[in-house]
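1. what shape does this take:
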Amino acid sequence: MKIPFMIYLYYIIKGIFSMEEKERKIAEEEAMNKLVKEILKNGDVKTVFDVESKLKQSFGKVIQSMLEEIYPFVYIDAIHFNVKENGVIGKKAAYVAMGISKEGIKEVLGIYIGENESSKFWMTVFNNLKNRGIKDILILSSDGLTGIKEAIQVAFPKAEHQTCIVHLRRNTLKYVSHKDKYKFAQDLKAIYTASDEEIGKKLMYEVAEKWKEKYPTAMDRWEENWGIISPFFKFSQKIRKMIYTTNSIESLNSCYRRLNKSRNVYPTKDSLMKVLYLSTKKVTKNWTSKVPEWGEVLRELEIIYNGRI
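-> Predicted coordinates:
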């Protein structure tokens with residue numbers, strides 16, 4: 001390999017994120033170096049442009065490998081970043097799809113930087129997952145993302161769409177004053193910890209009635225979305241906990257949130273995707289253990305979703 005090529009390659013690697021050297025983390029540098037070494041081992045890499053092209057392919061789609069046919073759980077969440085586009089800084093959402101396989105292992109299925117939430121956008125996401133091998137999802141948990149409900153019904157008609165209780169609770173309490181927050185939170189907890197749907201629904205109406213004078217619209221989302229809240233009640237506490245808590249995806253989200261602290265604005269969508277790619281690799285390399293008590297969870301799912309798993 002000629003020296004000029006090495007010089008060019010050095011500057012590609014140094015500037016690949018359009019970041020200052022001091023802003024990069026050691027883990028990201030190590031991941032980048034490893035990736036470049038893998039690329040250089042390939043015999044068809046002859047010029048600096050070949051290397052750049054290979055890097056873009058690696059970063060363009062965070063995960064594009066074939067996936068399993070069925071995932072018992074899929075979680076979709078969004079993290080927002082400031083991205084500069086056409087000279088204007090605006091918010092861009094990175095939507096993370098994380099699944100738990102039949103073996104009880106967590107996987108990042110894909111990361112998608114969306115323009116606008118719509119059923120068309122979500123169909124693109126779900127078609128990407130289907131084209132890579134997914135045929136069925138048992139439980140898909142998400143926040144109230146615009147258009148996702150309609151897209152799920154088309155792409156995965158058998159999937160149980162469950163709204164994220166954590167997000168629902170958080171959004172409800174946004175309307176509540178500090179002095180009432182604890183009591184209101186306890187009332188909400190009584191709803192989602194109810195023994196069955198009938199009791200939960202009854203408590204929901206009671207909570208709405210109790211607080212309607214002070215917070216007339218606070219419970220509207222519960223009533224409007226009861227159809228994607230209610231599946232929660234047919235499960236045992238083990239599965240409810242997996243749906244209610246965000247532990248499964250929280251380690252990933254906390255890693256992404258640190259990116260916002262280390263960099264206020266990303267110069268392009270590509271630069272954001274590159275950083276998300278490296279951060280994801282760093283977190284997921286430790287995802288080798290099964291979800292706790294997975295055997296019991298799987299047996300319950302096999303009974304509830306007879307013949308699908």
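2. can you check the pLDDT for the residue lying closest to residue 304 once chain neighbours are set aside?
-> Setting aside the residues directly before and after it, residue 304 is nearest to residue 234 in space (Cβ to Cβ, 6 or more residues apart in numbering), at 7.1 Å. Glycine gets a C-beta too; all of them are placed from N, C-alpha and C. Per-residue pLDDT puts residue 234 at 93.
3. was I right about residue 234 contacting residue 194?
-> No - using Cβ atoms under 8 Å, residue 234 is not in contact with residue 194, being 11.9 Å away.
4. if you count surrounding residues, which of those two has more?
-> residue 194 (17 against 12; other Cβ atoms under 10 Å).
5. ok, residue 213 to residue 180 distance?
-> For residue 213, the distance to residue 180 equals 12 Å [Cβ to Cβ, to the nearest Å].
6. more crowded one of these two?
-> More neighbours surround residue 180 than the other of residue 213 and residue 180, with 16 against 7 (other Cβ under 10 Å).
7. before we move on, what SS does the nearest residue to the more buried one once chain neighbours are set aside have?
-> Counting by Cβ to Cβ, 6+ apart, residue 214 is the residue found nearest to residue 180 once chain neighbours are left out, at 7.0 Å. Counting by DSSP: H, G, I helix; E, B strand; the rest coil, the backbone at residue 214 sits in coil.
8. can you check the one 4 residues further on too?
-> Following three-state DSSP, residue 218 is assigned to coil.
9. next, count neighbours for it.
-> Per other Cβ under 10 Å, the neighbour tally for residue 218 reads 21.
10. that one: what's it in contact with?
-> Residues in contact with residue 218, defined by Cβ atoms under 8 Å, 6 or more residues apart in numbering, are 172, 175, 176, 184, 208, 211.
11. okay, and the beta partners of residue 137?
-> residue 71 (DSSP bridges).
12. what separates it from residue 98, distance-wise?
-> 12 Å.
13. can you give me how far the helix or strand harbouring residue 108 is from the chain middle?
-> Element membership for residue 108 (DSSP states H and E) is strand 106-114. The chain centre lies 6 Å from the centre of strand 106-114; the measure is Cα atoms, centre = their mean, to the nearest Å.
14. where do the strands of the chain begin and end?
-> Applying DSSP state E to the chain gives strands spanning 70-85, 88-100, 106-114, 136-142, 160-163.
15. so where is the protein shaky, pLDDT-wise?
-> Across the chain, the ranges flagged by pLDDT under 70 are 1-64, 115, 245-248.
16. so what's the residue nearest the centre of it up against?
-> Centroid-nearest residue in the chain: residue 96, 2.8 Å away (criterion: Cα atoms, centre = their mean). Contact partners of residue 96, counting by Cβ under 8 Å, 6+ apart, are 76, 77, 78, 79, 108, 110, 111, 249, 252, 253, 256.
17. ok, now residue 153?
-> Remark: with contacts taken as Cβ under 8 Å, 6+ apart, residue 153 is in contact with residue 161.
18. and residue 309, what does it touch?
-> The contact partners of residue 309, by Cβ under 8 Å, 6+ apart, come to 70, 72, 102, 138, 298, 301, 302.
19. rerun at 6 Å
-> Counting by Cβ atoms under 6 Å, 6 or more residues apart in numbering, residue 309 touches 301, 302.
20. before we move on, what about residue 195?
-> Contacts of residue 195 by Cβ under 6 Å, 6+ apart: none found.
21. now the phi/psi pair for it, please.
-> For residue 195, the backbone dihedrals (degrees, to the nearest 10) come out as phi -70, psi -30.
22. distance of it relative to residue 235?
-> As for residue 195, its distance to residue 235 is 12 Å (criterion: Cβ to Cβ).
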